[in-house]
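**Student:** sequence below, structure please.
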Amino acid sequence: MPIKNRFAETHADITAWRRHLHTIPELQFDLPKTAAFVADKLRSFGITDITTGIAETGIVAVIEGKTNTSGRTIGLRADMDALPITEATGLEYASTHPGKMHACGHDGHTAILLGAAQYLAETRNFDGRAVLIFQPAEEGGGGGNVMVEEGLMERWSIDEVYGLHNMPDHPVGEFAIRSGPLLAAADEFDIVITGQGGHAAAPHEAIDTNLAAAHVVVALQSIASRNVDPLKQVVVSVCTLRSDTDSHNVLPQTVRLRGTVRTLDAGIRDLAQERLEAIVTHTCAAYQCSADIIYERGYPVTINAEDNTHFAAEAAEKVTPGVDRDTPPIMAGEDFSYMLNKRPGAYIMLGNGDGATVHHPMYNFNDDAIPAGCSWFAEMVETRLPSVG
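**Tutor:** Next comes the predicted model:
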């Protein structure tokens, strides 16, 4: 089955919704305008079972099929929040909220799920229930985990859960997926190195924290090159290096390093943390400095269940041919992982075509991908909950 005809008819409307959402980006859990827009649209589709205020501004809506002899429920999730980025696209529908931007395509994900909701509410051509999950705070707030902790799966008796994310540099409207780890665990570290400040002209009278920090940055790369099996993946990135002075002739008392560790395996995740802490501590000691380390575990690995990956790929192939069933893992993190830890399901990538990558001030969601995304969500429900009458 190709793109569902209904989405060709509603494409312009869904695009308009997406572009409106693009003008009003909001961050983390603080999504009053976004959540109100989503709830209003759901009501306009004739959906009456709508719960707001889950994880502060999250929304859960239920659509009953024509029958429910299966007693089964399929969950479909979209994220709603934006990023603290100043938009540089110059689009006529660019952000009207200074310093905030939909730079990851969550406006597109939300519009796609709204389009699927409209179709499912009109047709109800399935046996069971579809639960639509509109989630806040994917970008660092862990909104998916909050929804899970507030009983999302149990309250709505969700049996399987599915989500999608746009994929720049992949053909627009085409799908990519893999079984097992798809996206990485995302951990963060914050290191403060302390020595003894002094005059740059007399380094022997100081304890140089910049020297220690430089060696720490280099040494941390040995985790990937010398501690981890070359057939496994790990990324250790120092993203901030800042001293307590900006003078050209003062050696700082402290230097702060901040960064991230990305892994696809629980054992490698433990190893990376252990080696980071040891390398930082002993490297700093070698240069007569001390180190305070804060290491925080973030989103877990996003793991697609094998059977559900197959179901998701089959549904995608009914929408567009040539689904990539073995796409390489991506080292970005995703809090849909918390939902997949509670229920079997799968996360699929939807091609966004050429253009800027996500988290870039020139990024823009490609509206040509909307019909494929809507069709896939609808197909997941109709395939996993086939109509009996």
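**Student:** so what's Arg242 up against?
**Tutor:** By C-beta atoms under 8 Å, 6 or more residues apart in numbering, the contact set of Arg242 is Val255, Arg256. For the C-beta atoms, the positions are set from N, CA and C on the backbone; glycine is no exception.
**Student:** measure it to Gly259 for me?
**Tutor:** To Gly259, Arg242 is 12 Å away according to C-beta to C-beta, to the nearest Å.
**Student:** just the pLDDT for the spatially most central residue of the chain.
**Tutor:** Nearest residue to the geometric centre of the chain (C-alpha atoms, centre = their mean): Glu334, 3.4 Å. On pLDDT, Glu334 comes in at 97.
**Student:** any idea how far Gly143 is from Gln23?
**Tutor:** Careful, residue 23 is Thr; it's not Gln. For Thr23, the distance to Gly143 - C-beta to C-beta - is 22 Å.
**Student:** those two - which one has more neighbours?
**Tutor:** It is Gly143, of Thr23 and Gly143, that has more neighbours when counted by other C-beta atoms under 10 Å, with 26 against 17.
**Student:** quick check, the more buried one in contact with Ala55.
**Tutor:** Yes - with contacts counted by C-beta atoms under 8 Å, Gly143 reaches Ala55, the gap being 5.0 Å.
**Student:** I'd say Val62 and Asp49 touch.
**Tutor:** Yes - applying C-beta under 8 Å, one finds Val62 in contact with Asp49, separated by 4.0 Å.
**Student:** compute the number of surrounding residues for Gly267.
**Tutor:** Gly267 has 11 nearby residues by other C-beta under 10 Å.
**Student:** gap between it and Asn227?
**Tutor:** 12 Å.
**Student:** kindly report the same for Ala103.
**Tutor:** 34 Å.
**Student:** the more surrounded of the two?
**Tutor:** The neighbour comparison of Ala103 against Asn227 (other C-beta under 10 Å) goes to Ala103, with 28 against 17.
**Student:** distance of the more buried one from Met380?
**Tutor:** For Ala103, the distance to Met380 - C-beta to C-beta - is 27 Å.
**Student:** could you do Asp79 as well?
**Tutor:** Using C-beta to C-beta, Asp79 is found at 17 Å from Met380.
**Student:** cool, and Leu340?
**Tutor:** To Met380, Leu340 is 14 Å away according to C-beta to C-beta.
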